[in-house]
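Colleague: A predicted structure for the sequence below; I have some questions about it.
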Amino acid sequence: MRPATIDSIDTTFSDLQPAAVWQHFATLCQTPRQPKCEGRLRDRLRQWAGDRDLTTIVDATGNLLIRKRASSGSEQAPGVVLQAHLDMVCQKTPLSQHDFARDPIRPRRRDGWLVAEETTLGADNGIGVALILAALADSSLQHGPLEALLTVDEEAGMGGAHGLAPSLLRGRLLLNLDTEEWGEFFVGCAGGLDVNVRRPGKARGLPAACEIWRIELQGLRGGHSGVDIHLQRGNAIKLLVRVLRDLERRWPLHLVELAGGSARNSLPREASATLALPAGLGDALATSLNDWQAVLRQELLGVDEGLRIDCAAAAAERTLDTAEQAIWLASLHAAPHGVRRYSLHLPGVVETSNNLGMVAITADEAACNFMVRSLLDSGSDALADEIVSLFALSATTAAKTGHYPGWEPRPGSPLLALCRSVFQREFGHESKVQVIHAGLECGLIGARYPELDMLSFGPTIRGAHAPGERVEIASVGHAWRLLTAILAAIAAAPAGAAVPAIPPR
C-alpha cells in the first residue's frame with residue numbers, strides 16, 4: 001500500500017500533525033475493515049511494507065507481522081513488538097445509510113477532536129495502527145529491532161490473538177497501542193467470555209380482533225461495554241423489556257418479535273418490539289409509552305436523557321406462543337447487566353461486569369448474547385454460570401464460549417519504569433498507571449509469550465464502539481512523541497540489558 005496523499009483523501013487531515021501518522025489514519029478511514037473482513041487492508045499493508053524492503057509474514061490466522069531492521073548501532077538492543085489490531089467496531093445511527101463493507105469513514109474536526117458524526121470513527125484501534133506504520137516508515141528514528149504485530153478479528157472475539165503461534169515473535173518487549181486515555185500506562189486488563197443463549201421458536205396465529213404495533217426505544221448513547229459500563233448508561237434491551245412487562249400486565253399482549261443491539265461489546269442503543277394488542281388500544285398505548293418515556297428519562301437524567309419511545313402501526317401474520325413469550329420476557333427481565341463488583345484492591349476499578357448486548361426473538365427462533373468481563377477468571381466464570389443457570393430454569397440452551405484470559409499486572413516491570421521515566425522527561429509531569437476493565441490482546445499474547453514485558457498506552461479516545469466516536473487531535477501528537485522517545489531509549493540499551501537507564505535530555 002502506498003498511502004494516499006492527504007489532499008487526495010480529505011482536507012480534514014490537511015494540516016494535522018504529525019503528518020505521517022494522520023496520513024496513515026486517513027488511508028485506514030478509506031479502507032473497510034470490519035471484523036473478519038480485514039483481508040483487503042492487510043494485503044495493502046503487506047504491499048506497502050514490501051515496497052519499503054520490510055519483511056512480512058501472514059500467519060495461519062491472518063495476522064500480519066512486519067519486521068524492520070534495527071538502526072545502525074542499535075542491533076543489539078532489546079527487540080520491540082509494536083502491537084495493534086486492524087479491525088474496528090462498526091456502529092451507526094439509525095438513519096445512517098453508511099455501508100461498512102464499502103463506504104469510507106468520513107471524519108470531521110470539532111473543537112480539537114476528530115469525530116465521525118453518524119458512525120464509529122475507528123480510532124479504536126486505527127490510531128494505534130497509524131502510529132506503528134509511521135514508526136516503520138520513518139528512517140530518522142533510532143530504534144532496535146522492530147516487529148509490528150497487526151492482528152485481526154479483535155472486536156468480534158480476539159480471534160487473531162487466540163490463533164497467534166507461540167514461535168512467531170522475536171522481541172522481548174511489547175508496546176500495545178490500544179488504550180484510550182492519554183497520560184496513562186495500562187499494565188493489566190480484564191479477561192472474559194461470552195454466553196450465547198438459543199431457543200427454538202414456537203408460533204401461534206394472531207388473536208382475533210387485534211391490532212399490530214411496533215415500539216421503538218432509541219436515543220441512548222451506547223458505548224464500550226467494558227470501558228463505559230460503570231457510567232450507568234441505559235441498555236435499550238433491558239429498558240424495553242421493562243416496558244413490555246408492564247404492558248402485558250395491563251392488556252392481553254402477544255409478542256411478534258423483539259430485537260436490540262448490534263454488537264456484543266457495545267452497550268445497546270436501540271431496541272424494538274412488534275406486538276399484537278386488542279383493537280382500539282392505540283391511544284392508551286401511546287399514553288402509556290409517553291409515561292414510560294418520562295419515567296426512564298428521569299431515571300437516566302444527566303446520562304441518557306435523550307431516550308425516546310415511539311410506536312407505529314405494523315403488520316404481522318403470527319406471534320410467539322404464549323409460553324415462549326413468558327419465558328423470554330421473564331428471563332431477560334431477570335438477567336443481569338452492568339457492574340457486578342468493584343475491585344477491592346484497585347480503588348475505582350470495575351472488577352466484574354456483564355453486558356446484555358444483543359437479542360433477536362421471533363416466532364421461529366430466538367437468541368441473545370451476554371459478554372462477561374472480570375479481572376479475575378473466577379469472577380467471569382461465576383457470573384457466566386449464573387446466567388447459564390437462569391436460562392436452565394426454562395430448559396433454554398446457554399453456552400459459555402470464547403474465553404480469553406486477563407492480563408495480570410507486573411508492578412516491578414522494567415519496561416514500565418523505563419516508560420514512566422521517558423514520560424516524565426518528555427512532558428514534565430508524572431504519568432499514571434492503570435488497569436482497564438476491557439479486553440486487551442495482551443492477556444492472550446502474554447499467555448503464549450510469558451517472558452514478554454508489556455504495557456499499553458495511546459491517545460485520548462471518547463465514545464469508542466458508538467457513533468460519534470472521537471479522538472483528541474493533540475493527544476495523537478503526544479502519543480507519537482512518546483512512542484519515538486521510548487524506542488530511542490530502548491535502542492540505547494547495552495547488549496544483554498533488559499532496558500536501559502534514561503539518558504539526560
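Modeller: Nice, thanks for sending it over.

Colleague: so where do the strands sit in the stretch 51-200 of the chain?
Modeller: 55-58, 64-68, 80-85, 108-110, 113-115, 146-151, 173-176, 184-189, 191-200 (DSSP state E, counting those that start in this stretch).

Colleague: okay, these in JSON lines with mean pLDDT, mean neighbour count and distance to residue 330 next?
Modeller: All C-beta atoms are positioned from the backbone trio N, CA, C, and that covers glycine. Shown next, in JSON lines, are those (pLDDT from 0 to 100; neighbours: other CB atoms under 10 Å; distance: least, CB to CB, whole Å):
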{"stretch": "strand 55-58", "mean pLDDT": "97", "mean neighbour count": "14", "distance to residue 330": "48"}
{"stretch": "strand 64-68", "mean pLDDT": "98", "mean neighbour count": "22", "distance to residue 330": "47"}
{"stretch": "strand 80-85", "mean pLDDT": "98", "mean neighbour count": "27", "distance to residue 330": "38"}
{"stretch": "strand 108-110", "mean pLDDT": "95", "mean neighbour count": "13", "distance to residue 330": "44"}
{"stretch": "strand 113-115", "mean pLDDT": "97", "mean neighbour count": "21", "distance to residue 330": "41"}
{"stretch": "strand 146-151", "mean pLDDT": "98", "mean neighbour count": "25", "distance to residue 330": "40"}
{"stretch": "strand 173-176", "mean pLDDT": "98", "mean neighbour count": "26", "distance to residue 330": "42"}
{"stretch": "strand 184-189", "mean pLDDT": "96", "mean neighbour count": "23", "distance to residue 330": "34"}
{"stretch": "strand 191-200", "mean pLDDT": "97", "mean neighbour count": "21", "distance to residue 330": "13"}
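
Colleague: as a markdown table, the ones you listed with distance to residue 444 would be great.
Modeller: As requested, the strands of the stretch 51-200 of the chain are exported to a markdown table (distance: least, CB to CB, whole Å):
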| stretch | distance to residue 444 |
| --- | --- |
| strand 55-58 | 18 |
| strand 64-68 | 16 |
| strand 80-85 | 11 |
| strand 108-110 | 35 |
| strand 113-115 | 30 |
| strand 146-151 | 9 |
| strand 173-176 | 11 |
| strand 184-189 | 10 |
| strand 191-200 | 9 |
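
Colleague: tell me which of those lies nearest to residue 15.
Modeller: Shortest distance between residue 15 and those, using CB to CB, is found for strand 108-110: 10.1 Å.

Colleague: sheet-wise, list the partners of the closest one with their directions.
Modeller: Strand 108-110 pairs in its sheet with strand 113-115 (antiparallel), by DSSP bridges.

Colleague: what residues does the partner strand touch?
Modeller: In this structure, residues lying in contact with strand 113-115 by CB atoms under 8 Å, 6 or more residues apart in numbering are 12, 16, 107-109, 121, 123, 462, 468-473.

Colleague: buried ones in stretch 102-112?
Modeller: 105, 107 (16 or more other CB atoms under 10 Å).

Colleague: how many neighbours does residue 430 have?
Modeller: 10 (other CB atoms under 10 Å).

Colleague: I'd say it and residue 420 touch.
Modeller: Yes - between residue 430 and residue 420 there is a contact at 7.5 Å, judged by CB atoms under 8 Å.

Colleague: re the thing from before, out of the strands of the stretch 51-200 of the chain, which comes closest to residue 488?
Modeller: Smallest distance to residue 488 across the strands of the stretch 51-200 of the chain (CB to CB): 11.1 Å, for strand 80-85.

Colleague: packing partners of that closest one?
Modeller: helix 123-137, strand 146-151, strand 173-176 (3 or more CB pairs under 8 Å, 6 or more residues apart in numbering; DSSP states H and E).

Colleague: okay, these in a markdown table with distance to residue 366 next?
Modeller: Output for the helices and strands packed on strand 80-85, formatted as a markdown table (distance: least, CB to CB, whole Å):
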| stretch | distance to residue 366 |
| --- | --- |
| helix 123-137 | 31 |
| strand 146-151 | 33 |
| strand 173-176 | 38 |
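
Colleague: of those, which approaches residue 302 most closely?
Modeller: Comparing the helices and strands packed on strand 80-85 by CB to CB, helix 123-137 comes nearest, at 25.1 Å.

Colleague: confidence score at the nearest residue to residue 307 once chain neighbours are set aside?
Modeller: With sequence-adjacent residues excluded and distances taken as CB to CB, 6 or more residues apart in numbering, residue 307 is closest to residue 219, at 4.8 Å. Note on residue 219: pLDDT of 96.

Colleague: ok, residue 15 to residue 112 distance?
Modeller: As judged by CB to CB, to the nearest Å, residue 15 and residue 112 stand 14 Å apart.

Colleague: one more: residue 266?
Modeller: With CB to CB as the criterion, residue 266 and residue 112 are 25 Å apart.

Colleague: next one: residue 47
Modeller: With distances taken as CB to CB, residue 47 is found 34 Å from residue 112.

Colleague: do the same with residue 22
Modeller: Taken as CB to CB, the span from residue 22 to residue 112 is 14 Å.

Colleague: now residue 336
Modeller: 38 Å.

Colleague: got the contact list for residue 307?
Modeller: 217, 218, 219, 220, 234, 239, 293, 296, 297, 300.

Colleague: could you rerun that using 6 Å?
Modeller: Applying CB atoms under 6 Å, 6 or more residues apart in numbering to residue 307 gives the contacts 219, 220, 296, 297.

Colleague: closest one of the residues you listed to residue 66?
Modeller: residue 220 (39.6 Å).

Colleague: quick one, strands of the stretch 351-500 of the chain?
Modeller: So, for the stretch 351-500 of the chain - with DSSP E, counting those that start in this stretch - the strands run 365-374, 397-404, 432-436, 453-456, 461-462, 470-472.
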